[in-house]
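**Student:** I'd like to go over a predicted model; first the sequence, then the structure.
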2 protein chains.
Amino acid sequence: MSDLLIRNLNRFVTLTSEENDTVLSLFRPRNFRRHQFIQQEGEVARYETFLLSGLTRTYEIDEKGAEHIVLFGTEDWWVGDLYSFLTGLPSTYAIDCLEDTQTMQVSKDDLEELYVRVPKLERHFRIMIQKAYITSTRRITSSLRKSAAERYMDFIRTYPSLEQRIPNHQIASFLGITPQSLSRIRAKGNTRKTGK
Amino acid sequence: MSDLLIRNLNRFVTLTSEENDTVLSLFRPRNFRRHQFIQQEGEVARYETFLLSGLTRTYEIDEKGAEHIVLFGTEDWWVGDLYSFLTGLPSTYAIDCLEDTQTMQVSKDDLEELYVRVPKLERHFRIMIQKAYITSTRRITSSLRKSAAERYMDFIRTYPSLEQRIPNHQIASFLGITPQSLSRIRAKGNTRKTGK
DNA sequence: CGAAAATTTGACATGACTCAACTGGAGTGG
DNA sequence: CCACTCCAGTTGAGTCATGTCAAATTTTCG
């Protein structure tokens, strides 16, 4: 199962089998059930979490108590609050599971040790973050210029598999719109009859 | 002047003076005048560009021909289209100068060589991109949840010095609103008299 | 100086929000 | 198995923020 982690880390660099073992010795498996928190708001992010299976949501809570989903995560993804992880300051994000979820976690100290023992991983994570950064900048453009309907279409095109696993009101939260608006957008899209 | 580049690269790691010299041997100074393009839309991004002075804008042009500013850059910032730079595909971004601008540029090959000759720089750029990524994710949240007025206030709070150097319609483009809307937002904010 | 660009203002249109009510399905306990 | 509740989803009516189109005014800079 932790193969997935090894494959992930060997995507941009090639590790020897000893290096792979070093990786495995520093990551710890941890499983979560549906509704369980991987990380609570206000707490320092002590781990970066690699997802082996399942589904998570990372979200913020605003002054009015409303949840705003920032990211869904599923197998072969990393989740965590990099800011809190790096600075040691309390996180403003919460992460919980929409499905039972298997993970491998690494602490900050262990990750630093890993960078020392397997310097190639600096490269891996640089490239990985570069890609995440590119995706992120594109999402800014899209969130600033596109209508809610376009953003929804983009979402189901980009994550067709997730769209079926995630309730609509959560998708609405991710898109930054109300569930009502999403419902109307969907109603408009489905011009075809219900097949009755 | 290129001190600024050396200081930038020594922010998260410490380079020896030979390593600094290696850096300098692989970067090339290049100066641009106001209105000149650092990079044109449709062309492959062959360089990453470090800004020593001046002011740039990175923007996209949509189907209707409207410009959308993605990023302003000024001294001690990096600009370029990482996606195009990494993939070799034509860039969808254009970068031009709002002021005369001095830069240091590095080509893809030279940067790869630099990573080989000064591996510490993998770490530097990993950390740098991590920070950029964090900023970027926060901007997504803000663009999805905040009103235009709030985003404008955030902008002038975050970049007080830029706000004075950049024409309003460019700020509007960056915020994803029309110049008319920005004008109204400003009018509302300035309840105090003009001091006449 | 004079043309072009930037900014402001007004009138109106529209997309998305809020509040509220209703529907339908999933689980629960009697 | 039914009555009940809870929650997601839908729908309607009214409101508000922002966009669009147009014109007047001011500023910039070539």
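**Tutor:** Right, received. Where do you want to start?

**Student:** remind me which residues of chain A are low pLDDT?
**Tutor:** A:190-196 (pLDDT under 70).

**Student:** got the residues of it near chain B?
**Tutor:** A:60, A:62, A:68, A:70, A:82-83, A:86, A:115, A:119, A:122-123, A:125-126, A:129-130, A:132-134, A:136-137, A:139-141, A:143-145, A:175-176 (Cβ under 8 Å from any Cβ of the partner chain). All C-beta spots, glycine's among them, are computed from the backbone N, C-alpha and C.

**Student:** A:Ser25: neighbour count?
**Tutor:** For A:Ser25, the number of neighbouring residues by other Cβ atoms under 10 Å in any protein chain shown comes to 12.

**Student:** ok, back up a step: and DNA strand C, which of the residues of chain A next to chain B reach it?
**Tutor:** Among the residues of chain A next to chain B, proximity to DNA strand C is found for A:Gly176 (Cβ under 7 Å from any atom of the strand).

**Student:** Counting only strands, which of the residues of chain A next to chain B make the cut?
**Tutor:** Using DSSP state E, the subset of these located in strands is A:Glu60, A:His68, A:Val70.

**Student:** okay, the residues you listed in TSV with neighbour count next?
**Tutor:** Compiled in TSV, those are given as follows (neighbours: other Cβ atoms under 10 Å in any protein chain shown):
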residue	neighbour count
A:Glu60	17
A:His68	16
A:Val70	21
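
**Student:** Show me what the residue positioned nearest the centre of chain A is bridged to.
**Tutor:** The residue lying closest to the centre of chain A (Cα atoms, centre = their mean) is A:Gly73, at 3.4 Å. In this entry, A:Gly73 is beta-bridged to A:Thr56, by DSSP bridges.

**Student:** Just the angle for the lengthiest helix in chain A relative to helix B:120-145, thanks.
**Tutor:** Longest helix of chain A, by residue count under DSSP state H: helix A:120-145. Interaxial angle, helix A:120-145 versus helix B:120-145 (axes from the mean of the first three to the mean of the last three Cα atoms, to 10 degrees): 20 degrees.

**Student:** After helix A:120-145, which helix or strand is next? Please name it.
**Tutor:** Counting by DSSP states H and E, the next helix or strand C-terminal to helix A:120-145 is helix A:148-158.

**Student:** Let me know whether A:Asn8 touches A:Phe50 as I believe.
**Tutor:** Yes. Here A:Asn8 reaches A:Phe50: they are 6.6 Å apart, a contact under Cβ atoms under 8 Å.

**Student:** The two: which is more packed in?
**Tutor:** Counted by other Cβ under 10 Å, A:Asn8 and A:Phe50 do not tie: A:Phe50 has more neighbours, with 23 against 19.

**Student:** Now, of the residues of chain A next to chain B, which are buried?
**Tutor:** A:60, A:68, A:70, A:82-83, A:115, A:122-123, A:125-126, A:129-130, A:132-134, A:136-137, A:139-141, A:143-144, A:175-176 (16 or more other Cβ atoms under 10 Å in any protein chain shown).
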